[in-house]
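**Student:** Pasted the sequence and its predicted model underneath.
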Amino acid sequence: MTIRIERDSMGELEVPEEALYGAQTQRAINNFPVSGQRLPKAFIAALLTAKAAAAKANAKLGHIPEPMGKAIVTAANELLASDNFMVHFPIDVYQTGSGTSTNMNANEVLATLATQIYESKVSPNDHINFGQSSNDIIPSSIHISAAIELDKKLLPSLAHLAKTIREKAATVDQYVKTGRTHLMDAMPVRLSQSLTGWAVQIEQNISQLKATRPLLRSLAQGGTAVGTGINADPAFAAEFARQLSEITGLTFTPAESFFTHIGSQDIAVSLSGQLKTTAVSIMKIANDLRWMNSGPLAGLGEIELEALQPGSSIMPGKVNPVIPEAAAMVAAQVIGNDAAITIGGQAGNFELNVMLPMIANNLLNSIEILANITVLLADKSIKTFKVNEARLEEALARNPILVTALNPVIGYLKAAEIAKQAYKEGRPIVDVAAEQTDIPRDELLRLLDPMTLTQGGL
């Protein structure tokens, strides 16, 4: 490999000849061979977008020449338009807790490209990073990237899932199934009622995620090193937010307190907590689908999920609920991500949180995998499953819990006696009730009608 010599405040260092980055990035590559995992593309894109907004703000405020500002913006846009720009950002997630290595990586890459465009030296520290610190640009990029991914990916995906569930519910409203509590037979429900419950879960998550947006769009930018705004124009924070809003189409604002946004990650922790709640909802839906699909002979077999692939390398004909299983694993990962983010949020030591790269990585991973799996769950499980009406009716006919409907007529104790006999003898509840009460069979059939029982009331 051909190398060149780069210099920084710590001295000389060998850097690959073709690399756009410089010495500080190379030091980080050398220092952190930890996971081989880079920060997410969405985060780097947000960081580059923030650098473009900062260049525009600094040029407008007169702190860098306007042509230089335009060169920096052009460099950032060219990177973002490239399919492989991540090749220039090789630093491991597990690095310095402030993300300084990644900030300098961006500064160095942009300085190299902007120098070529500007045809005069553009400094990574003095120009690209003017009025900024890793301590405010990295927390800001966490918020920017999460805000963009939330609006462009996760919320639309969740809306699609909720819509798909409600559309499916409308097509299965005529089916009545045995309800289950404690995994035991309970009163009947319409299949549409179960699905509507799922839809409301997802819609509630959408509402709660939307409620995080105002705080998520408030930024640390302008606080610089410790929150005081040292070396930044007092007008920089507001101008940066204005420029960023214009670029992204989202409304960003300066933080009420830079100290809060730099010294803590409470907003990221809060968002992660709501992502965890969404994951819990996804887990519930996935498990319900798996249980209802179980069998098809020895399980519940109430529905048949779309067959997507062979289910076994040794058992021919076996088909598994692969999408709900994938959804359950995604939910587990998001819950795990939240645990790490929660611990990361506790690492706000005085004026700086020092687990920022991990928080950024886990937060964006949760958003991405939730967005992806919800579309698959909607399109390849819920939209396409078939109802096994015969199995539903078979279970309902033998469900002694239907006797609950007779409580107001014959009392709880007599109803329990009838239910126990029906269980013991494996007979339909209507037959036993006809023998044990003086209620006419026609009246019993009316009182015990499963569809009527799904409508509630006395």
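**Tutor:** Received it, and whenever you're ready, just let me know what you need. Nothing here was measured: the structure is a model prediction, and the numbers come from that model.

**Student:** okay, Glu14: pLDDT?
**Tutor:** According to the predicted model, the pLDDT of Glu14 comes to 96.

**Student:** doesn't it fall inside a strand?
**Tutor:** Yes - using DSSP: H, G, I helix; E, B strand; the rest coil, the assignment for Glu14 is a strand.

**Student:** number of nearby residues for it?
**Tutor:** Using other C-beta atoms under 10 Å, Glu14 has 13 other residues around it. Where C-beta positions appear, they are placed from N, C-alpha and C, glycine not excepted.

**Student:** check contacts around it.
**Tutor:** Contacts for Glu14 (C-beta atoms under 8 Å, 6 or more residues apart in numbering) come out as Ile3, Arg4, Ile5, Glu6, Gln26.

**Student:** got a winner among these for most neighbours?
**Tutor:** Counting neighbours by other C-beta under 10 Å, Gln26 leads the contacts of Glu14 with 22 neighbours.

**Student:** longest helix anywhere in the chain?
**Tutor:** Scanning the chain for the helix with the most residues, using DSSP state H, yields helix 266-293.

**Student:** Which strands and helices lie in contact with that helix?
**Tutor:** For helix 266-293, the elements it packs on are helix 134-149, helix 191-211, helix 213-216, strand 303-304, helix 322-345, helix 356-377, judged by 3 or more C-beta pairs under 8 Å, 6 or more residues apart in numbering; DSSP states H and E.

**Student:** which stretch among these comes nearest Pro90?
**Tutor:** helix 356-377 (13.5 Å; C-beta to C-beta).

**Student:** Of all the residues in that closest one, which ones are buried?
**Tutor:** Along helix 356-377, these residues count as buried under the neighbour rule (16 or more other C-beta atoms under 10 Å): 356-371, 373-377.

**Student:** partner residues bridging Glu12?
**Tutor:** Glu12 has these beta-bridge partners by DSSP bridges: Arg7.

**Student:** From Arg166, how far out is it?
**Tutor:** Distance, Glu12 to Arg166, using C-beta to C-beta, to the nearest Å: 64 Å.

**Student:** got it, and Ser145?
**Tutor:** Note on Ser145: its distance to Arg166, by C-beta to C-beta, is 31 Å.

**Student:** the more surrounded of those two?
**Tutor:** The residue with more neighbours, out of Ser145 and Arg166, is Ser145; 25 against 17, by other C-beta under 10 Å.

**Student:** neighbours of the nearest residue to that one once chain neighbours are set aside, just the number please.
**Tutor:** Once flanking residues are discounted, Ser145 sits nearest to Ala46: 3.6 Å by C-beta to C-beta, 6 or more residues apart in numbering. The tally of other residues near Ala46 (other C-beta under 10 Å) stands at 25.

**Student:** pretty sure Ala46 is touching Pro139, no?
**Tutor:** No - at 11.4 Å, Ala46 does not count as touching Pro139 under the criterion of C-beta atoms under 8 Å.

**Student:** Can you get me a residue count around Ala71?
**Tutor:** By other C-beta under 10 Å, the residues close to Ala71 number 25.
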